[in-house]
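[1] Give me a 3D structure for the following:
(chains A and B)
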Protein chains: 2
Amino acid sequence: MPTYSCRTKEELQQEQSKLLARYAALKQEDLKLDMSRGKPSKLQLDLVSDILTVLTDPADCIIDGVDSRNYGDLAGLPCAREYWADVLGCKPSQTFVGGNASLTLMYDLIARAYAYGLKDSPKPWCKEEKVKFLCPSPGYDRHFRITESFGFELIIIPMTPDGPDMDMVEDLVKDPAVKGIWCVPKYSNPQGYNYSEETIDRFANLKPAAPDFAIMWDNAYCVHEFDGEFQPFRDIISLCAEAGRPNMAYEFASTSKITLPGAGISVMASSEENIAYHLKHIGVQTISYDKLNQLRHVKYLKNRAHTLEVMKRHAVIMAPKFEMVLRMLRAELTNKGVAHWHHPQGGYFVCVAAMPGTAKRTLELCTQAGVTLTPAGATYPYGIDPNDSMIRVAPSLPPIEELEKAMQVFCVSLKLAALEKMLSEM
Amino acid sequence: MPTYSCRTKEELQQEQSKLLARYAALKQEDLKLDMSRGKPSKLQLDLVSDILTVLTDPADCIIDGVDSRNYGDLAGLPCAREYWADVLGCKPSQTFVGGNASLTLMYDLIARAYAYGLKDSPKPWCKEEKVKFLCPSPGYDRHFRITESFGFELIIIPMTPDGPDMDMVEDLVKDPAVKGIWCVPKYSNPQGYNYSEETIDRFANLKPAAPDFAIMWDNAYCVHEFDGEFQPFRDIISLCAEAGRPNMAYEFASTSKITLPGAGISVMASSEENIAYHLKHIGVQTISYDKLNQLRHVKYLKNRAHTLEVMKRHAVIMAPKFEMVLRMLRAELTNKGVAHWHHPQGGYFVCVAAMPGTAKRTLELCTQAGVTLTPAGATYPYGIDPNDSMIRVAPSLPPIEELEKAMQVFCVSLKLAALEKMLSEM
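    Presented below is the predicted three-dimensional model:
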């Protein structure tokens, strides 16, 4: 059958009837399925259970002469800084190891920029008349919400399979009110794109008018392949240094999706000068983060090589779920002209671009049939997708048995929303 | 022998010679003793080692249907909120359970007041022309530094054995620019005073001109008796509610000095309305705090009654150290007219009021003899003690064998500093 747009009104109505029947049948099943957030599944949590017993004795808690149980070591346990430097490909002195949420490290960085300014700020951002922030979209709703909460003006940068539209980025950073950009360089949330070599070079070589322009480089999925081998990534910290702006980039990562989402450790990496500047402020906020949990992680994850082995075990659980989602999308939506999507090899999401103007309606139909997805618009600043098109599918949490059903609901809903729109415009 | 002030110049010079000889002998011992911060000792850390093994199995991590390993439950695990409500005497719904540092909860509260305003703020504090903050002094340096970091004007409120000078507090809060006050109501840092019933009543009944005036009620030592039975404390949250200002107080506590300083859990308690307001903002900063560690603590500490049993075991280690400090102070400094101090029954410090103008010099002499104490002035806003008198002694960290020596150095140094001053003025 040809794409919907080549069919007659009658053919579309026939298709609609068939889909409505399927939808009614699915609705009767009283489903309660959640594909709204990138939450690891219970199976994934169970596979790292050995981390619960790596520290059982007082002697286990002392490392390199430091008692990780007591106050101190604000920048993190030295071995934890070494661990992250190994994972990220930077130097231990360029890292700050935090608590269980890299989101907090990002929020706190922006909050410090707001209250005190960054290392190279002419003044605190709260004293600026206007602060603008670049938001490659679709992107991560929690990133955008941080900068929204401080009243910044959020500017949409279209995403391409190579990363953000760099022509637009290079143009906009000429405005000194533009203070930063949110990036997920590997397996971008939600599309799963990897920034190209060229994109990364252009980031490192940015010459923003704002001396304190901040590249918020959230490497959330740096080792999170579920399909194929580990894909190395470049060290943005040294690239920026080589390009003459060593203080421009802040890289973030965490073990939330390596060990335990609620109880992992996080890292912020940047120039030594930046780390020193932020330590001064972080020292007002805390005496130290949880070093015992840092040690627990270092003993369990060891280094990058061993971390990649742990990730292979996650992949065994994740891969079939993504295969199922992609298979269902192919089977239900190929050649209909109502949606397109990228096939990611890592990360936590599949992003479906529905026919413009139908994302909200698709999700409404899903909700009515008991399937919860990330709200439409969530992947855009202020929660508004100007095209009402992008839908983020998060297949990690439900057991695979439920996923097929959830995807049936999703695909039927998406097609119904498209047909409603097309028929109403005929 | 009479107090120094009644002695002749010759008598003082004789005393000085004797002390200089003792000082020289002590200096030759090449000591390296640290009484600078309220750090628990290794013995104390070891006594809670069972907390390392309360969660060893995936099944241990699930409580009341919540998997503490995964994302979620921003306000804290329900059982952790119940635990803190039991300890503090408030309701679980009035608590927010955080990570390993109550200091961070305090800092973040002030940071949110600065960026967004508090629940009843006319505007964010960063938009106010001036913000003033009351600092009962001597007090906790890290409190003062938080409010200093945001550029507030810090106002010294003298401390009395009943708590802050409430006449002065009641007068100053008539100024709408006065936005809050730091309090350590039980075993105040550093003097170890307990706020009296009347002081607490006057706090609850404050009628500040600022609608968003914040009582920062740091109940850091709420169960931290080392001498005698647990002394119950009153619930400031309900007292403020009864007095008609339910949103005025924020109470803080942590297990830093109950379990492990580097790896405990913390709490903020306030009105339900305040908690709801802050959850909205905290939800931008994080998905959840480390709930696994919250569960570890609840399973280990159980409730207030069992927490008090754990504290008894700390007291066994702490009491002899405080006895030693107080015995040395009595033996060396009684009836000299060069210092006075309070005998605390809990907390982590002894505060010695040296002869005005001699604290810095005393600590200089201590440092030269290898004994580190909290820097002079640290217990006052901006690190400046207007009388150069208060010295905070923190006896918890050194083994008791070292403490006697450290106190010898301290007492000799203090007397030498006093003699230097008196003789130079004769």
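
[2] Show me the helices in chain A, by range?
    The residue ranges that make up the helices of chain A, judged by DSSP state H, are A:9-27, A:42-47, A:78-88, A:102-115, A:141-149, A:166-172, A:197-204, A:236-242, A:272-285, A:291-301, A:304-333, A:359-368, A:400-424.

[3] Now do the same for the closest residue to residue A:2 other than its chain neighbours: its pLDDT.
    In space, residue A:2 comes closest to residue A:335 once its chain neighbours are excluded; the distance is 7.6 Å by C-beta to C-beta, 6 or more residues apart in numbering or on different chains. The way it works is simple: take the backbone N, C-alpha and C, and place the C-beta from them, glycine included. We note a pLDDT of 92 for residue A:335 in this prediction.

[4] Please name the residues that touch residue A:340.
    Each residue near residue A:340 by C-beta atoms under 8 Å, 6 or more residues apart in numbering or on different chains is listed here: A:352-353.

[5] Beta-bridge partners for it, please?
    Following DSSP bridges, residue A:340 is listed with bridge partners residue A:353.

[6] Can you give me the pLDDT of it?
    At residue A:340, the predicted lDDT confidence score is 96.

[7] repeat for residue A:1
    Residue A:1 carries a pLDDT score of 69 in this model.

[8] What of residue A:401?
    Model confidence at residue A:401, given as pLDDT, is 89.

[9] what about the longest strand in chain A?
    strand A:153-160 (DSSP state E).

[10] average pLDDT for that one?
    The model assigns strand A:153-160 a mean pLDDT of 98.

[11] That strand pairs with which strands, parallel or anti?
    Sheet pairing for strand A:153-160, using DSSP bridges, gives strand A:132-137 (parallel), strand A:163-164 (antiparallel).

[12] quick one, which of the ones you listed is nearest to residue A:421?
    Checking the strands paired with strand A:153-160 against residue A:421 by C-beta to C-beta gives strand A:132-137 as the closest, at 22.2 Å.

[13] what does the stretch 51-200 of chain A put close to chain B?
    If contacts are counted using C-beta under 8 Å from any C-beta of the partner chain, the residues of the stretch 51-200 of chain A sitting beside chain B are A:52-53, A:55-58, A:60-61, A:67-72, A:99-101, A:103-104, A:107-108, A:111, A:114-116, A:126, A:142, A:145-146, A:149-150.

[14] show me what contacts the residue of the stretch 301-426 of chain A at minimum distance from chain B?
    Nearest to chain B in the stretch 301-426 of chain A, going by C-beta to the nearest C-beta, is residue A:397, at a distance of 8.8 Å. Residues near residue A:397 by C-beta under 8 Å, 6+ apart: A:34-35, A:37, A:39-41.

[15] what does residue A:230 give?
    Residues counted as contacts of residue A:230 (C-beta under 8 Å, 6+ apart) are A:223, A:308, A:311.

[16] ok, back up a step: which non-adjacent residue is nearest the residue of the stretch 301-426 of chain A closest to chain B?
    With C-beta to C-beta, 6+ apart as the criterion, residue A:397 has its nearest non-adjacent residue at 4.4 Å, and that residue is residue A:39.

[17] Now do the contacts for that neighbour.
    A:261, A:394, A:396-397, B:70-71.

[18] Switch those over to a markdown table; also include distance to residue A:17 and pLDDT.
    A markdown table is the format used below for the contacts of residue A:39 (distance: C-beta to C-beta, whole Å; pLDDT from 0 to 100):
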| residue | distance to residue A:17 | pLDDT |
| --- | --- | --- |
| A:261 | 43 | 95 |
| A:394 | 31 | 95 |
| A:396 | 35 | 96 |
| A:397 | 33 | 93 |
| B:70 | 42 | 95 |
| B:71 | 41 | 94 |
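
[19] Can you add distance to residue A:300 and give the residues you listed back as JSON lines?
    Formatted as JSON lines, the entries for these read as follows, by distance: C-beta to C-beta, whole Å:
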{"residue": "A:261", "distance to residue A:300": "15"}
{"residue": "A:394", "distance to residue A:300": "26"}
{"residue": "A:396", "distance to residue A:300": "21"}
{"residue": "A:397", "distance to residue A:300": "23"}
{"residue": "B:70", "distance to residue A:300": "18"}
{"residue": "B:71", "distance to residue A:300": "20"}
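
[20] of the residues you listed, buried ones?
    Among these, those classed as buried by 16 or more other C-beta atoms under 10 Å in any protein chain shown are A:261, A:394, A:396-397, B:70-71.

[21] Specify which member of those residues is nearest to residue B:406.
    Proximity to residue B:406 was ranked across the buried ones among the contacts of residue A:39 by C-beta to C-beta; first place goes to residue A:261, at 45.6 Å.

[22] Give me the distance between the closest residue to that closest one other than its chain neighbours and residue A:20.
    Nearest non-adjacent residue to residue A:261, counting by C-beta to C-beta, 6+ apart: residue B:71, 4.6 Å away. As defined by C-beta to C-beta, to the nearest Å, residue B:71 lies at a distance of 36 Å from residue A:20.

[23] What of residue A:179?
    Note on residue A:179: its distance to residue A:20, by C-beta to C-beta, is 49 Å.

[24] cool, and residue A:157?
    Between residue A:157 and residue A:20 the distance is 39 Å, computed by C-beta to C-beta.

[25] higher neighbour count, these two?
    When residue A:157 and residue A:20 are compared on other C-beta atoms under 10 Å in any protein chain shown, the one with more neighbours turns out to be residue A:157, at 21 against 13.

[26] My guess is that one contacts residue A:167. True?
    No - at 10.0 Å, residue A:157 and residue A:167 do not qualify as touching, with contact defined as C-beta atoms under 8 Å.

[27] for the residue lying closest to residue A:60 once chain neighbours are set aside, what are its contacts?
    Among residues not flanking residue A:60 along the chain, residue A:54 sits closest, at 7.2 Å (C-beta to C-beta, 6+ apart). Residue A:54 is in contact with A:60, A:296, A:299-300, counting by C-beta under 8 Å, 6+ apart.

[28] likewise residue A:407?
    Counting by C-beta under 8 Å, 6+ apart, residue A:407 has contacts A:324-325, A:328-329, A:332, A:393.

[29] Specify which member of those is nearest to residue B:288.
    For residue B:288, the closest of the contacts of residue A:407 turns out to be residue A:393, at 23.0 Å, with distances computed as C-beta to C-beta.

[30] ok, the closest one - how many residues close by?
    Neighbour number of residue A:393 under other C-beta under 10 Å is 24.

[31] Bridged to it, which residues?
    With beta bridges defined as DSSP bridges, residue A:393 has these partners: residue A:350.

[32] pretty sure it is in contact with residue A:351, am I right?
    Yes - with contact defined as C-beta under 8 Å, residue A:393 and residue A:351 form a contacting pair (7.3 Å).

[33] re the thing from before, of the strands paired with strand A:153-160, give the one that comes closest to residue A:386.
    Of all the strands paired with strand A:153-160, it is strand A:132-137 that lies closest to residue A:386, at 9.0 Å by C-beta to C-beta.
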